[in-house]
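Participant: Generate coordinates for the sequence data below:
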Amino acid sequence: MLGGRFESAVAAYGELVRLGAAGPNHWRDYGFCLYQAGRYDEAAGVFRRLVHRNVHAGFAAYMLHYIEVRKGDLGSAARYLRLAVEKEPENREYRSTLARFEKQFGRLLSASGAPRD
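Facilitator: Numbers count the residues shown, from 1 in each chain. Modelled structure (predicted):
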């Protein structure tokens, strides 16, 4: 049910983007709606754009970590999660998620040779 609501929102935000009328908050919300609608590749593109432009970069990196986990790329997920904490060091949710992530996957990442910073 919610997927349909998010698809409607995706259409509305997409129109703002197409018209060149989307501000930073619109881009953030557009990426979130794409993610919620299950359109992960498109959401990742929006979030990468935000990280690149350093606009809502903490949130965008945090969402990218979720997308990378879905794809099974824990190394990239860890890097994006660390970037989220770097961009917003006071954000408790990002810090606690990073701690849980490292506790759960730290050994796996070390065994795979994935960089920890």
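Participant: where does the chain dip in pLDDT?
Facilitator: For the chain, the stretches flagged by pLDDT under 70 are 1-4, 110-117.
Participant: try 80
Facilitator: 1-4, 7-12, 14-17, 19-22, 107-117 (pLDDT under 80).
Participant: what sits against H56?
Facilitator: By Cβ atoms under 8 Å, 6 or more residues apart in numbering, the residues touching H56 are 24-25, 27-28, 50. (C-beta placed from N, C-alpha, C; glycine too.)
Participant: packing partners for the lengthiest helix in the chain?
Facilitator: Counting by DSSP state H, the longest helix found in the chain is helix 92-112. Judged by 3 or more Cβ pairs under 8 Å, 6 or more residues apart in numbering; DSSP states H and E, helix 92-112 is in contact with helix 57-71, helix 74-87.
Participant: run the last query once more with 6 Å
Facilitator: With contacts defined as 3 or more Cβ pairs under 6 Å, 6 or more residues apart in numbering; DSSP states H and E, helix 92-112 has these neighbours: helix 74-87.
Participant: any idea which residue sits dead centre in this protein?
Facilitator: Note on the chain: the residue nearest the mean C-alpha position is M63, at 1.8 Å, using Cα atoms, centre = their mean.
Participant: That one touches R48, doesn't it?
Facilitator: No. Using Cβ atoms under 6 Å as the test, M63 is too far from R48 to be in contact (10.2 Å).
Participant: on that earlier part again, buried residues, the longest helix of the chain. List them.
Facilitator: 94, 97-98, 101, 105, 109 (16 or more other Cβ atoms under 10 Å).
Participant: re the thing from before, and the contacts of H56, which two are the farthest apart?
Facilitator: Spatially, the most separated pair among these is N25 and L50, at 10.6 Å (Cβ to Cβ).
Participant: Neighbour count for the two, which is higher?
Facilitator: L50 (22 against 10; other Cβ atoms under 10 Å).
Participant: Surely that one and Y62 touch.
Facilitator: No. In this structure, L50 is not within contact of Y62 by Cβ under 6 Å, at 10.8 Å.
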